[in-house]
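Novice: Show me how the following folds:
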Amino acid sequence: MLIICLAGFCTAYYFVNILQAPMRIKRVLKLDPVKRIKPFDCVQCFSVWLAIVFYFLPIEIAQFFAVIFAAGFLGSKVQ
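Specialist: Next up, the predicted model:
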């Protein structure tokens, strides 16, 4: 259960804050930069939805995402 929570948070944090995927999506779709595209621009919202998805997937997938994106999260904090 802890792995699922960790995978959800680290994946959401990486996509929203490090990769800045919401801004890239807005540029590609030519949307107003001020408008929100929930849940993709909110770490809390996106992590909840990702945790739900990881809950129904095999645990190996959640472990993979937790390892990969926890490394990205820690790398951004150490830098």
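Novice: from here on, contacts and neighbour counts on C-alpha atoms
Specialist: Noted.
Novice: mind listing the helices in this structure by residue range?
Specialist: 2-13, 21-29, 43-56, 59-78 (DSSP state H).
Novice: most neighbours per residue, which of these?
Specialist: A comparison of those by mean neighbour count, using mean count of other Cα atoms under 10 Å, puts helix 2-13 on top with a mean of 22.
Novice: of all the helices of the chain, which lies closest to residue 37?
Specialist: helix 21-29 (7.1 Å; Cα to Cα).
Novice: Save the helices of the chain as JSON lines, and put in distance to residue 35 and mean pLDDT too.
Specialist: Shown next, in JSON lines, are the helices of the chain (distance: least, Cα to Cα, whole Å; pLDDT from 0 to 100):
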{"stretch": "helix 2-13", "distance to residue 35": "19", "mean pLDDT": "94"}
{"stretch": "helix 21-29", "distance to residue 35": "9", "mean pLDDT": "91"}
{"stretch": "helix 43-56", "distance to residue 35": "16", "mean pLDDT": "95"}
{"stretch": "helix 59-78", "distance to residue 35": "26", "mean pLDDT": "92"}
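Novice: Tell me who's in contact with residue 49.
Specialist: Neighbouring residues of residue 49 by Cα atoms under 8 Å, 6 or more residues apart in numbering: residue 8.
Novice: any idea how far it is from residue 7?
Specialist: 11 Å (Cα to Cα, to the nearest Å).
Novice: likewise residue 75?
Specialist: Residue 75 is 16 Å from residue 7, by Cα to Cα.
Novice: Any chance of the backbone angles for residue 20?
Specialist: Here is the backbone geometry of residue 20 (degrees, to the nearest 10): phi 50, psi 50.
Novice: Residue 19 too?
Specialist: phi -80, psi -20.
Novice: Give me the neighbour count for it.
Specialist: For residue 19, the neighbour count with other Cα atoms under 10 Å is 13.
Novice: From what I see, residue 72 and residue 13 are in contact.
Specialist: No. Residue 72 sits out of contact with residue 13 when judged by Cα atoms under 8 Å, with a separation of 9.2 Å.
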